[in-house]
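Enquirer: predicted structure and sequence below. I'll ask about it afterward.
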Protein chains: 4
Amino acid sequence: MTEHDPKLIGRLNRVEGQVRGISKMVAEGRYCIDILTQLQAVRAALGKVETAILNEHLGKCIEGAITSGDAVEQRAKVNELIQLLERSR
Amino acid sequence: MTEHDPKLIGRLNRVEGQVRGISKMVAEGRYCIDILTQLQAVRAALGKVETAILNEHLGKCIEGAITSGDAVEQRAKVNELIQLLERSR
Amino acid sequence: MTEHDPKLIGRLNRVEGQVRGISKMVAEGRYCIDILTQLQAVRAALGKVETAILNEHLGKCIEGAITSGDAVEQRAKVNELIQLLERSR
Amino acid sequence: MTEHDPKLIGRLNRVEGQVRGISKMVAEGRYCIDILTQLQAVRAALGKVETAILNEHLGKCIEGAITSGDAVEQRAKVNELIQLLERSR
């Protein structure tokens, strides 16, 4: 189990509300550019959540390297992360 | 008023459910990499909605250009779109 | 043949110089973060060139729609563009 | 001084050649979509170089954490990286 920053849940709940709002905009026939602007805002908010979790993960890799004194396991975790970042390019 | 593809609402509802699922993963202390993988999936799904709306918008600009025979108004709509794309880079 | 904004060539030449500079930084063993910062600058510069060409292309689609009065050919050009944008997500 | 993978220089030299090729395409008045396709290829190639350097950097942070037994300095390096990733979103 990994303890995450509880503020992340608040941020994700706001994103959920934003997505619901966009769904309503589509149903109401709102102008394309206004919908695209909202979609960008959601993407930016999700990007901030991603960066925060990336930050948590790397912090734990550093601590794990010191506690265990073993680079191999922590290196494997970094490789897992790099593969994830590669898929998202 | 702009008529949008009704399938977009279904897609956005699924994204809303995915975001709720991620919020739960954070609360349950799930592993960072698993959460990041889900966040990537949501971003990809939102990207597809953006592309679909972009497609609708450009289709309407083309039709508008022919109907009105006036490039100026349609060009203004394209400029609006380009500014939006520039902000997202 | 398509006439492009001649300023684009100047911008691309600067990007070429920046990439050569990064190659030198790698050879000199410069710090990772400094290299990543330069790579980001190049990506931003290329993004601006992409936006400028996208802008030119859409402008021509609008003009083509009015000149030809036929939406089909211009729609095909927009579809080609949408497929390109989808690949880059 | 940081030792980097010498293969990176070869990759960057190829990118430099690709950018020169795009400059020529613009000068020759080639079709927008063909130029955009090449710009995407360059962006993807640069993305791979970024991921490789990110990988090197994180590997060194892990090793540094074990060698020094001090999380603070390595954490500072990760923070520097997170700030960089945030700027690029």
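Expert: Perfect, I can see it now. Residues are numbered from 1 along each chain as shown, chains lettered A, B, ... in the order given.
Enquirer: around residue A:74, how many other residues sit close by?
Expert: 26 (other C-beta atoms under 10 Å in any protein chain shown). Just so you know, the C-beta spots here come from the backbone N, C-alpha and C atoms, and that holds for glycine as well.
Enquirer: residue A:75 and residue D:63, how far apart?
Expert: Distance from residue A:75 to residue D:63, counting by C-beta to C-beta, to the nearest Å: 9 Å.
Enquirer: what comes up buried for the helix or strand of chain A with the lowest mean pLDDT?
Expert: Every helix and strand of chain A was ranked by mean pLDDT, DSSP states H and E. The lowest is helix A:71-87, at a mean of 88. Buried residues in helix A:71-87, counting neighbours by 16 or more other C-beta atoms under 10 Å in any protein chain shown, are found at A:71, A:74-75, A:77-78, A:81-82, A:84-85.
Enquirer: what do you get for stretch A:48-62?
Expert: Neighbour-count burial for stretch A:48-62, counted by 16+ other C-beta under 10 Å, picks out A:49-62.
Enquirer: how about TSV for the residues you listed, with distance to chain D, pLDDT and secondary structure added?
Expert: Shown next, in TSV, are these (distance: C-beta to the nearest C-beta, whole Å; pLDDT from 0 to 100; DSSP: H, G, I helix; E, B strand; the rest coil):
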residue	distance to chain D	pLDDT	secondary structure
A:49	11	96	helix
A:50	8	95	helix
A:51	5	94	helix
A:52	9	95	helix
A:53	11	96	helix
A:54	7	94	helix
A:55	5	94	helix
A:56	10	94	helix
A:57	10	94	helix
A:58	5	93	helix
A:59	6	92	helix
A:60	10	92	helix
A:61	6	92	helix
A:62	5	91	helix
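Enquirer: include distance to chain B when you put the residues you listed into CSV, please.
Expert: Converted to CSV, those look like this (distance: C-beta to the nearest C-beta, whole Å):
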residue, distance to chain B
A:49, 6
A:50, 5
A:51, 10
A:52, 10
A:53, 5
A:54, 7
A:55, 10
A:56, 6
A:57, 4
A:58, 9
A:59, 10
A:60, 7
A:61, 10
A:62, 13
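Enquirer: quick check: the farthest pair among the residues you listed?
Expert: A:49 and A:62 (20.9 Å; C-beta to C-beta).
Enquirer: is chain D contacted by stretch A:29-46?
Expert: Yes - using C-beta under 8 Å from any C-beta of the partner chain, stretch A:29-46 comes into contact with chain D via residue A:44.
Enquirer: outside of that stretch itself, list whatever touches it.
Expert: By C-beta atoms under 8 Å, 6 or more residues apart in numbering or on different chains, the residues outside stretch A:29-46 that reach it are A:11, A:14-15, A:18-19, A:21-22, A:25-26, B:1-4, B:39, B:42-43, B:46-47, B:49-50, B:53-54, B:56-57, B:60, B:77, B:80-81, B:84, B:87-88, D:89.
Enquirer: hang on, isn't residue A:56 packed against residue A:49?
Expert: No - Residue A:56 is beyond contact range of residue A:49, at 10.8 Å (criterion: C-beta atoms under 8 Å).
Enquirer: so what's residue A:64 up against?
Expert: A:73-74, A:77.
Enquirer: for those, which one is nearest chain D?
Expert: Distance to chain D, by C-beta to the nearest C-beta, is smallest for residue A:74 among those, at 4.7 Å.
Enquirer: quick check: closest non-adjacent residue to the closest one.
Expert: Among residues not flanking residue A:74 along the chain, residue A:65 sits closest, at 4.3 Å (C-beta to C-beta, 6 or more residues apart in numbering or on different chains).
Enquirer: number of nearby residues for the one you found?
Expert: Neighbours around residue A:65, by other C-beta under 10 Å: 27.
Enquirer: do residue A:10 as well
Expert: Neighbours of residue A:10 (other C-beta under 10 Å): 11.
Enquirer: show the pLDDT at it.
Expert: Note for residue A:10: predicted pLDDT of 97.
Enquirer: for it, grab phi and psi.
Expert: Main-chain dihedrals, residue A:10, degrees, to the nearest 10: phi -60, psi -40.
Enquirer: relative to chain D, how far out is it?
Expert: Using C-beta to the nearest C-beta, to the nearest Å, we find residue A:10 at a distance of 19 Å from chain D.
Enquirer: brilliant, that's me finished.
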